[in-house]
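A.B. asks: Sequence first, predicted model second:
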Amino acid sequence: MSRFSLSFRLDPQHKAPLYRQIYLRVKQAIMDGKLKTGSRVPSVRAMASELGVARATVENAYGLLTAEGFLQSRGQAGTTVSAPASLSLPSSSPESETKVHKPINPMLPSVSSLPFQLGLPALDAFPRAIWSRIVSRQIRHTSMNDLGHPPLTGVDTLRNSVARYLQLSRGFTCRPEQIFICGGYAPVLDLIIGSLLLPGDGVWLEDPGYPVTQAFFRAAGATPVAVSVDDEGMNIQQAVADFPQARFAVVTPAHQSPTGVTMSLSRRMALLDWAAKQQAWVIEDDYDSEFRYQGQPLPSLKSLDTHGRVIYAGTFSKTLFPALRCSYVVVPESLVEKVEAYCPLRICATPPLLQSSIAEFIEQGHFYRHLKRMRQLYAERRGYLEQALTAAFSTDMLRINQQVGGIQLCAKLNRSLDDAVIAKCAREQGLAVQALSDWQVFRREAGDELRPNGLLMGFPNIISQEEAGFLSQRLRKIFSEISGVGKYP
Ligand SMILES: Cc1ncc(COP(=O)(O)O)c(C=O)c1O
């Protein structure tokens with residue numbers, strides 16, 4: 001086994017943080033064949049001492065390389081270079097062919113942050129030092145009373161902060177009592193469905209749309225109604241014609257998940273009009289509206305809701321980070337008692353310590369500053385990816401949807417390519433792209449004209465043009481391997 005010599009230096013002035021520089025240099029050495037499969041990389045301690053950085057910096061770099069399959073930890077035997085799948089051509093054995101056609105499960109996020117991971121904000125840009133200070137302060141000020149059972153509906157300080165934030169940023173007023181703090185979007189759905197849904201109730205679902213929403217309503221015994229999405233968002237006219245008696249509609253009006261389109265004002269009004277007449281509930285999943293690249297975020301659907309039919313869901317997973325497991329739902333006045341009565345069965349699982357810390361983070365102004373910085377950063381990082389994909393692919397092969405905001409990119413594929421096969425292959429090679437066809441409400445066979453065909457990619461953690469180029473080339477190679485040499489030169 002040959003050892004990797006440390007022939008590089010870090011640049012503290014570089015835009016990329018130190019761990020990222022190490023990660024990129026080691027990865028490049030592997031890709032260039034300078035580091036061979038099986039060779040041992042220096043221990044964390046040796047690398048940190050040689051480069052003059054903290055051990056945690058090297059650990060972060062190695063962790064990322066291990067998650068992507070470039071390195072392998074062998075305990076006492078050290079860390080070695082594994083054979084990265086992306087460097088080897090797929091075998092043409094029948095076994096590998098059947099493997100490729102297995103659908104991936106878009107509901108299962110990767111536990112590690114693989115490239116293109118959906119739903120992940122820029123982890124490197126979160127102000128961890130400020131956050132640690134706030135959490136430490138909250139711990140120091142823990143009183144005896146804080147040790148008992150927490151409020152079922154969420155901590156009051158956070159409910160107050162969220163109410164103020166929504167008034168300022170999402171354009172509607174609510175009482176803190178209308179806000180229920182939950183442990184993520186799934187618990188929000190659980191609370192609402194448990195409080196309101198009757199078996200067999202019809203629910204309009206965006207098609208394609210978020211698989212978690214589909215799964216929850218299905219599991220609760222609802223009747224899913226697939227409603228197509230075009231460049232104005234959910235097609236309300238079609239939904240009214242197909243299934244006017246539905247009791248729920250779930251929409252992502254700011255940036256439709258996954259296509260990224262914004263719901264037009266006329267569609268918003270038509271949806272609210274239907275809900276008022278039908279006495280139906282509209283769930284507004286406002287999961288990433290904060291990230292609009294130009295101008296201010298559009299007002300929410302809830303801000304137009306004069307009849308009290310909109311249930312508003314927001315999350316801190318994108319605005320802060322997903323490991324917090326903290327979200328909120330705002331219910332109309334008429335539902336407060338009903339949902340409160342259901343809360344003992346679905347207690348808020350986010351620890352009060354974290355809820356209070358989020359409230360302090362908001363009240364001290366860090367939240368607003370962070371969002372402002374992230375809006376700029378995401379526009380920049382999306383630009384890297386768009387440019388790199390445009391350079392790597394012809395528009396005949398892959399066409400990028402234009403989008404005004406959000407943290408994932410959607411690209412349509414040529415009909416001759418199967419998005420599910422490409423996503424599966426990419427996944428096996430450590431790229432977390434997802435197939436648009438996996439987000440359908442009802443599965444359509446490959447070859448069906450109505451089957452959406454495209455790829456979804458998260459970009460907030462692509463930190464440079466260089467990295468975007470590298471990842472796009474890896475993806476391009478997968479296309480060539482699948483389509484056969486020469487089909488797409
Ligand atoms: C469409 C959509 N809604 C809601 C969420 C929020 O999920 P959670 O708050 O559980 O992280 C996500 C996360 O990726 C999402 O994509």
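C.D. replies: Structure's in. What do you need?

A.B. asks: can we go C-alpha only for contacts and neighbour counts from here?
C.D. replies: Noted.

A.B. asks: in the stretch 51-200 of the chain, which spans are helices?
C.D. replies: In order along the chain, the stretch 51-200 of the chain carries the following helices (DSSP state H, counting those that start in this stretch): 55-67, 94-100, 128-140, 156-165, 185-196.

A.B. asks: I'd like to know which of those helices lies nearest to Phe361.
C.D. replies: Relative to Phe361, the nearest member of the helices of the stretch 51-200 of the chain by C-alpha to C-alpha is helix 128-140, separated by 7.2 Å.

A.B. asks: Let's see that closest one as CSV, backbone CA atoms only.
C.D. replies: Output in CSV follows, covering the C-alpha atoms of helix 128-140 (Å, rounded to 0.1, in the frame of the first residue of the first chain):
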residue,chain,number,x,y,z
ARG,A,128,-22.7,27.7,13.9
ALA,A,129,-20.7,29.9,16.3
ILE,A,130,-23.7,32.2,16.9
TRP,A,131,-26.0,29.2,17.2
SER,A,132,-23.7,27.4,19.8
ARG,A,133,-23.6,30.6,21.8
ILE,A,134,-27.3,30.8,22.0
VAL,A,135,-27.9,27.2,22.8
SER,A,136,-25.2,27.3,25.5
ARG,A,137,-26.8,30.4,27.0
GLN,A,138,-30.2,28.6,27.0
ILE,A,139,-28.7,25.6,28.8
ARG,A,140,-27.0,27.8,31.4
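
A.B. asks: Summarise which helices and strands that helix is packed against.
C.D. replies: Other elements packing on helix 128-140 under the criterion 3 or more C-alpha pairs under 8 Å, 6 or more residues apart in numbering; DSSP states H and E are helix 352-363.

A.B. asks: what's the helix it packs on packed up against?
C.D. replies: Using 3+ C-alpha pairs under 8 Å, 6+ apart, helix 352-363 sits against helix 128-140, helix 156-165.

A.B. asks: model confidence over whatever helix or strand comes next after it, on average?
C.D. replies: Using DSSP states H and E, the helix or strand that follows helix 352-363 towards the C-terminus is helix 366-392. This predicted structure assigns helix 366-392 an average pLDDT of 97.

A.B. asks: Report the angle between helix 366-392 and helix 352-363.
C.D. replies: In this structure, helix 366-392 runs at an angle of 80 degrees to helix 352-363, with axes from the mean of the first three to the mean of the last three C-alpha atoms, to 10 degrees as the basis.

A.B. asks: Would you tell me what the next helix or strand after helix 366-392 is?
C.D. replies: For helix 366-392, the following helix or strand on the C-terminal side (DSSP H and E) is strand 398-400.

A.B. asks: What strands line up against that next one, and which way round?
C.D. replies: strand 408-413 (antiparallel) (DSSP bridges).

A.B. asks: Identify whichever of the helices and strands packed on helix 352-363 lies nearest to the ligand.
C.D. replies: With distances scored as C-alpha to the nearest ligand atom, the stretch of the helices and strands packed on helix 352-363 nearest to the ligand is helix 156-165 (14.8 Å).

A.B. asks: Make TSV out of the helices and strands packed on helix 352-363 and add mean neighbour count.
C.D. replies: Output for these, formatted as TSV (neighbours: other C-alpha atoms under 10 Å):
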stretch	mean neighbour count
helix 128-140	13
helix 156-165	20
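
A.B. asks: May I see those helices organised as CSV, with distance to Ala54 and mean pLDDT added?
C.D. replies: CSV is the format used below for the helices and strands packed on helix 352-363 (distance: least, C-alpha to C-alpha, whole Å; pLDDT from 0 to 100):
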stretch, distance to Ala54, mean pLDDT
helix 128-140, 16, 98
helix 156-165, 35, 98
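
A.B. asks: got a markdown table for those, with distance to the ligand too?
C.D. replies: Formatted as a markdown table, the entries for the helices and strands packed on helix 352-363 read as follows, by distance: least, C-alpha to the nearest ligand atom, whole Å:
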| stretch | distance to the ligand |
| --- | --- |
| helix 128-140 | 19 |
| helix 156-165 | 15 |
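
A.B. asks: Please produce JSON lines containing these, extended by distance to Lys318.
C.D. replies: Compiled in JSON lines, the helices and strands packed on helix 352-363 are given as follows (distance: least, C-alpha to C-alpha, whole Å):
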{"stretch": "helix 128-140", "distance to Lys318": "15"}
{"stretch": "helix 156-165", "distance to Lys318": "15"}
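
A.B. asks: Compare those and give me the one nearest Phe442.
C.D. replies: Evaluated over the helices and strands packed on helix 352-363, closeness to Phe442 peaks at helix 156-165, with 35.9 Å, by C-alpha to C-alpha.

A.B. asks: residues making contact with that closest one?
C.D. replies: By C-alpha atoms under 8 Å, 6 or more residues apart in numbering, the residues outside helix 156-165 that reach it are 173-177, 179-181, 355-356, 358-359, 362-363.

A.B. asks: Not counting the biggest strand by length in the chain itself, show me its contacts.
C.D. replies: Among the elements of type strand in the chain, defined by DSSP state E, the one spanning the most residues is strand 223-230. When contacts are taken as C-alpha under 8 Å, 6+ apart, the neighbours of strand 223-230 outside the stretch itself are 200-208, 214, 217-218, 234-236, 238-239, 243, 261, 441-442.

A.B. asks: same thing but at 10 Å, please
C.D. replies: Counting contacts by C-alpha atoms under 10 Å, 6 or more residues apart in numbering, the residues outside strand 223-230 that touch it are 199-209, 214-215, 217-218, 233-240, 242-243, 246-249, 256, 259, 261-263, 440-442, 450.

A.B. asks: and these, which are buried?
C.D. replies: By the neighbour-count criterion of 16 or more other C-alpha atoms under 10 Å, these include these buried positions: 201-209, 214, 217, 233-236, 239-240, 246-249, 256, 259, 261-263, 440-441.
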